[in-house]
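In: coordinates for the following, if possible.
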Amino acid sequence: MSRRLVFVSLPVVLAAGAAAVGWQQYQGFLDTPVNVAEPYVLTVKKGSSYNAVVSDLVEQGLIDKPLFMKLYGRQSGLAARIRAGEYKVDPGTTPAGLIDILVSGKSIQYSFTVIEGSTVKELLAQLKQDQVLVQTLADKKPEDIKSALDVEKPSLEGLFLAETYNYERGTTDLEILQRAQRLLNKKLTAAWAERKKSLPYKTSYEALIMASIVEKETGRANERPEIAGVFVRRLNKGMRLQTDPTVIYGMGDKYKGNIRRADLRRPTPYNTYVINGLPPTPIALVGAEAIQAALNPNAGKSLYFVAKGDGSHQFSSTLREHNNAVRRYQLQRRKDYRSTP
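Out: Residues are numbered from 1 along each chain as shown. Below is the predicted model of the structure:
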């Protein structure tokens, strides 16, 4: 072998050796977990380039070799597929695994629960207190919110389905209301289409009003159809509903925890001891089960019910039976005593 051949081969060998070392370092980087000692939240902003994301990873101390991270993104073809969101990075996650997370789009999910039986006033206050949702409604009046939601009903009350809604950071309070409104409309429309034609409701909105009364009268799912049956029979017989939750709703801020006889006699649009038929709007936000109960009430003869004090109710077919039940449970002096009528 000539001396010239030795000189020519030496740079090639050195280059090959350097490449091998570089490749080994690159593979070692991909196999070494990123620098997090506990679950870490990484945010990828909308419109961020892959290079910008890599820079953020370096700045936040998760990686220390940006060139290798950029190389992997382009070599794997994943650089162009990362998605904006908020991601949880667990200890032990490798750079390759981290990119897989960012490509998955499985952003951290938060939840917001619209509570059964709450009012829209309480819902708006609940939204305002949420620390993750983007606040857009805090200073809006009800009429402004109605306009934003294209609501033509006289009130926002009852128009949002009581349910738990998952969402990602960046979601607005208005978007939660829109989702709850759409789901309420979907559930109500489906139940209305399957209703019995003999029910005393002229519109699905009247069925929603009934559902809100049922929702407020009991928290027991198995009692909702029976309570709906009582109210439907009373409507069919031309009897007033005489239900306390409507009185309380009509009192507004004047309600301090107790209903007096004078309150039962005081006319308001919602006082079903005074008015005939249903109140003008729902009195609360309802869940899907209350809608089903209002549109699928139990058949029977009961026209009255009284709270037993344990969350359940005693149902009666005659006023005499009802009065006996009232006396029985009044004597127990339950704080949650209520009866209809």
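
In: so which residues of the stretch 101-250 of the chain form helices?
Out: Taking DSSP state H, counting those that start in this stretch, the helices of the stretch 101-250 of the chain run over residues 120-129, 142-148, 173-193, 204-217, 224-236, 244-251.

In: with Thr281 as the reference, name the closest of those.
Out: Within the helices of the stretch 101-250 of the chain, the stretch nearest Thr281 is helix 204-217; the backing value is 6.6 Å (Cβ to Cβ). Yep, even glycine has a C-beta here, placed from its N, CA and C like the rest.

In: can you give the contact residues for the closest one?
Out: Contacts to helix 204-217, defined as Cβ atoms under 8 Å, 6 or more residues apart in numbering, come from residues 116-117, 153, 157-158, 162, 188-189, 191-192, 195, 199, 201, 224, 227-228, 231-232, 241, 243, 245-246, 278-279, 281-287, 290-291, 293-295, 340.

In: mind running it again at 6 Å?
Out: Helix 204-217 is contacted by residues 116-117, 158, 188, 192, 201, 224, 227-228, 243, 245, 278, 282-284, 286, 290-291, 293-295 when judged by Cβ atoms under 6 Å, 6 or more residues apart in numbering.

In: check the offset of that helix from the chain's centre.
Out: Chain-centre distance of helix 204-217: 20 Å, with Cα atoms, centre = their mean, to the nearest Å.

In: average model confidence for that helix?
Out: In this model, helix 204-217 has a mean pLDDT of 97.

In: between helix 244-251 and that helix, find me the angle.
Out: Here helix 204-217 points in a direction 100 degrees away from that of helix 244-251 (axes from the mean of the first three to the mean of the last three Cα atoms, to 10 degrees).

In: and the angle from helix 204-217 to helix 224-236?
Out: 120 degrees.

In: find the residue closest to Ala207 in space, skipping its chain neighbours.
Out: Spatially, and ignoring its direct neighbours in sequence, Ala207 is nearest to Tyr201 (4.6 Å; Cβ to Cβ, 6 or more residues apart in numbering).

In: ok, that neighbour to Pro39 distance?
Out: Here Tyr201 is placed at a distance of 51 Å from Pro39 (Cβ to Cβ, to the nearest Å).

In: okay, the two: which has more neighbours?
Out: Tyr201 (18 against 10; other Cβ atoms under 10 Å).

In: where are the low-confidence patches of the stretch 51-200 of the chain?
Out: Within the stretch 51-200 of the chain, the set of residues satisfying pLDDT under 70 is empty.

In: show me the strands in it, by range?
Out: Using DSSP state E, counting those that start in this stretch, the strands assigned to the stretch 51-200 of the chain run over residues 85-89, 110-113, 164-167.

In: can you list the strands that the last one pairs with?
Out: Pairing partners of strand 164-167, with direction, according to DSSP bridges: strand 110-113 (antiparallel).

In: got the buried residues for the partner strand?
Out: Taking 16 or more other Cβ atoms under 10 Å as the basis for neighbour counts, the residues of strand 110-113 that come out buried are 110, 112.

In: distance from the chain centre to that strand, please.
Out: In terms of Cα atoms, centre = their mean, the gap separating the centre of strand 110-113 from the centre of its chain is 5 Å.

In: contacts for that strand?
Out: Outside strand 110-113, the residues within contact range by Cβ under 6 Å, 6+ apart are 132, 164-167, 176.

In: now rank these by neighbours and give me the top one.
Out: Taking other Cβ under 10 Å to define a neighbour, the member of the contacts of strand 110-113 with the most is Ile176, carrying 21 neighbours.

In: OK, contacts around that residue?
Out: Residues counted as contacts of Ile176 (Cβ under 6 Å, 6+ apart) are 112, 165.

In: next one: the one 4 residues further on
Out: Applying Cβ under 6 Å, 6+ apart, one finds that Ala180 lies in contact with 114, 160-161.

In: so how far is Ser49 from Thr171?
Out: With distances taken as Cβ to Cβ, Thr171 is found 24 Å from Ser49.

In: those two: who's more crowded?
Out: Between Thr171 and Ser49, counting by other Cβ under 10 Å, Thr171 is the more crowded of the two (18 against 11).

In: quick one: contacts for the more buried one?
Out: With contact set as Cβ under 6 Å, 6+ apart, Thr171 has these partners: Leu133.

In: try 10 Å this time
Out: 110, 112, 130, 132-134, 165, 179 (Cβ atoms under 10 Å, 6 or more residues apart in numbering).

In: what of Gly250?
Out: When contacts are counted by Cβ under 10 Å, 6+ apart, Gly250 touches 263, 266-272, 274-275, 279, 283.

In: the closest residue to Pro33 other than its chain neighbours: how many residues sit nearby?
Out: If the residues on either side of it in the chain are set aside, Pro33 comes closest to Gly92, at 5.0 Å by Cβ to Cβ, 6+ apart. Using other Cβ under 10 Å, Gly92 is surrounded by 9 other residues.
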